[in-house]
Each structure stands twice: as structure tokens, then as C-alpha cells.
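Undergrad: Predicted model and sequence below, questions to follow.
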Amino acid sequence: MSKLKDTVPKSKIIVLKPSLDYDEIVDMVESRKVKIFQTLLQKPKRSDIHIHSTKLFFEAFLLLSGKYTADFIREVDHTITVDKNVKELIIDGQSYPILQKKGVLSKLGSGRKNKVRLDVQERLVIENEDDIAFDHHGKEVNLSYKTTAKLIEKYPKRILDDNKDNVKKPEITIDGAIKKLVSKLKKPAESGIKSLKEDIKINDILEVYVPIYESRLIGPKKKIKLLRIDAVRKKIL
């Protein structure tokens with residue numbers, strides 16, 4: 001049975017800085033707004049689409065890392081080659097006869113080597129380190145933000161407090177995220193395992209808040225579209 005080693009660390013809050021200002025965001029929305037309303041049969045005029053609102057949100061991504069260690073004994077068999085005139089191996093008083101040749105192999109003459117199968121136990125130690133990331137909906141994602149000093153706000157809690165109405169907390173719980181990390185860390189079970197000892201250590205739990213601009217657009221026939229822009233990667237989502 002696997003168990004968490006020591007205590008689970010407290011989550012650390014990180015807030016990333018926007019790489020775009022409001023005017024740059026508006027320019028990106030203006031350049032893209034026609035395309036998101038365009039269909040195969042119709043392309044609306046730019047003047048038929050207007051920006052209702054553009055708001056900055058801070059969306060949480062969860063990033064966890066950990067290490068899995070397994071120390072166990074497994075029962076296996078190994079086939080070894082011996083000289084042609086060896087009839088059995090004796091190890092610690094246990095006799096291991098040669099494998100009998102079958103079919104054509106038995107007629108190939110005395111020049112071939114004999115083989116012996118040994119039933120033995122192996123002790124293995126497996127170590128696996130990995131990480132996992134989730135968006136604020138709890139979907140597993142590849143977190144592609146480089147955590148350089150230039151990207152990180154110095155006073156994250158102050159930023160989140162000042163924007164508390166526009167903060168999107170993680171929808172997945174820490175316990176739920178840890179379970180998914182553990183499943184990723186653990187190796188598939190092997191047959192013949194005895195005396196299994198497992199340990200799992202959670203190294204880091206990071207709440208990374210990413211500045212996302214959401215622009216609400218109203219187009220022809222009062223259709224509403226939402227355009228989302230990652231203000232760190234300067235990317236339309």
C-alpha cells in the first residue's frame with residue numbers, strides 16, 4: 001500500500017504579470033472580431049460588431065510535482081546457457097535440471113549448449129519523479145509558462161485581493177489533484193511482487209494565477225461571442 005511520505009506541503013500562490021496593456025488587448029480584439037462571427041456563408045461587416053466589455057480575470061492553474069519510490073521483491077525465472085554435458089545445476093542444495101529439447105532441436109546433435117531455468121527472487125528499487133498541471137476547471141493541461149522572475153508579481157495576495165471579484169479559483173481540490181499525480185507517478189503493477197514498500201512525496205503545490213482578458217462581443221442579430229486572450233503569452237485562446 002502506498003502512502004504519502006512526511007507531510008503534504010502548503011500550496012504556494014504565484015501571480016503572473018500581463019505582457020499586454022489594455023490598449024493592446026483592444027487592438028487584438030478588433031483585429032479578430034470579424035473572424036469569430038464569420039461563417040461559411042456570411043462575413044459580417046466590422047461595423048456590425050462592437051465590444052460590449054473587456055475585463056481582466058486571474059485564472060488559477062494548479063501545478064504539482066512529486067516523487068514515487070517502490071522497494072519490492074518479485075519472483076521471476078531466468079534461463080541460462082550451460083555446457084552441453086551439464087545435466088543439472090545445484091544451488092544451495094536445490095537441483096535445477098536442464099531443459100529438455102523438443103522436436104527438431106533434439107536432433108541437432110551434441111554440439112549445442114544446454115539450458116537451465118532458474119526460479120529466483122529479485123529485489124528492485126524504482127524511483128519516478130514527475131509533475132502534473134490542471135486548468136481552473138480541473139482539466140489536465142501542459143502548463144507552458146516559464147516561471148522567470150520577470151513574469152512573477154512580487155505581491156501576489158495583494159493583486160488577488162484587489163481583483164477578488166475577477167479571480168477564478170481552482171475547481172479541482174488539492175486532494176483530487178494529488179490523487180491524479182499519484183496515479184501518474186506510480187508504475188503499473190507487476191506480477192509476482194512480494195514485500196512491497198511504497199512511498200510518495202509531494203514536492204510542490206503551486207497555484208499559478210494567469211491574467212486572462214475576456215472580451216464580450218455583440219454581432220449581427222445580437223449574437224454574443226466571448227473572446228479570451230492570454231495576456232502572458234499574448235495568445236487568443
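TA: Thanks, I have it.
Undergrad: hey, let's count contacts and neighbours off CA atoms from now on
TA: Noted.
Undergrad: which regions of this structure lie under the pLDDT threshold?
TA: The model of the chain has pLDDT under 70 over residues 1-6, 102-111, 144-149, 187-192, 195.
Undergrad: Quickly run through the sheet partners of the longest strand along it, with directions.
TA: For the chain, the strand reaching the highest residue count under DSSP state E is reported as strand 50-82. Taking DSSP bridges as the criterion, strand 50-82 pairs within the sheet with strand 114-134 (antiparallel), strand 167-168 (parallel), strand 193-218 (antiparallel).
Undergrad: quick one: buried residues of the first one?
TA: Just to be clear, that refers to strand 114-134. Along strand 114-134, these residues count as buried under the neighbour rule (16 or more other CA atoms under 10 Å): 114, 115, 116, 118, 129, 131, 132, 133, 134.
Undergrad: Including distance to residue 57, could those residues go into JSON lines?
TA: Shown next, in JSON lines, are these (distance: CA to CA, whole Å):
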{"residue": "114", "distance to residue 57": "73"}
{"residue": "115", "distance to residue 57": "69"}
{"residue": "116", "distance to residue 57": "68"}
{"residue": "118", "distance to residue 57": "64"}
{"residue": "129", "distance to residue 57": "33"}
{"residue": "131", "distance to residue 57": "26"}
{"residue": "132", "distance to residue 57": "23"}
{"residue": "133", "distance to residue 57": "19"}
{"residue": "134", "distance to residue 57": "17"}
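Undergrad: Tell me the one of these nearest residue 39?
TA: Minimum distance to residue 39 across those is 32.3 Å, recorded for residue 134 (CA to CA).
Undergrad: tell me the contacts of the closest one?
TA: With contacts defined as CA atoms under 8 Å, 6 or more residues apart in numbering, residue 134 is in contact with 61, 62, 63, 140, 141, 142, 143, 177.
Undergrad: Quickly list the domain ranges of the protein.
TA: Domain ranges of the chain: 12-69+129-236, 72-122, per automatic domain parsing.
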